[in-house]
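Chemist: With the sequence up front, the predicted model follows.
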Amino acid sequence: MENLIIKAGIKTPSVNLDPDKRQLRFEGRSIPEDTIRFYEPILKWIEEYIKTGRNTVTDLHINLEYFNTSTSRYLFGIFKTLEAYHTSGNPILIHWYYEKDDIEMEESGEDYASILKIPFKMVPMEVEE
């Protein structure tokens, strides 16, 4: 299975999905004009990835400074897909990054963590000046 790499745009995050390292990374802003067009290939890649179950931890790193409602729906869809993978014996750990003073982003991670059966590691970061 090949890596899926998408460079960050003005309104889209960088995405680096690496099956060999078992690491999935999303970084930046996510306010795409066409959310379906941006996220559907990612969701399809993840659906293929989970077919390769290896019983070793997959780390999902979410480091978004901002995301809109339609992105939130896709994130939830990704999380639910990975939750099924996790509960079938393939461990997932979600690393949720947020700036220490960004209460909304922190609460978003906590909200996802409270409704999913996947371990979340909340990762506070210092605010960059």
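Modeler: Good, I have the coordinates. Fair warning: this is a prediction, and the values are worked out from it, not measured in the lab. Numbering: from 1, shown residues only.
Chemist: residues making contact with the longest helix along the chain?
Modeler: The single longest helix within the chain, with elements called by DSSP state H, is helix 69-87. When contacts are defined by CB atoms under 8 Å, 6 or more residues apart in numbering, helix 69-87 is touched by residues 30-32, 35, 39, 42-43, 46-47, 50, 53, 58, 60, 62, 64, 67, 92, 94, 108, 112, 116-118. All C-beta atoms are positioned from the backbone trio N, CA, C, and that covers glycine.
Chemist: Tell me the buried residues within those.
Modeler: By neighbour count, with 16 or more other CB atoms under 10 Å, the contacts of helix 69-87 hold 30-32, 35, 39, 42, 46, 50, 58, 60, 62, 64, 67, 92, 94, 108, 112, 116, 118 as buried.
Chemist: for E47, what are its contacts?
Modeler: T81.
Chemist: where does Y39 fall, phi/psi-wise?
Modeler: Dihedral pair for Y39: phi -90, psi -20, per degrees, to the nearest 10.
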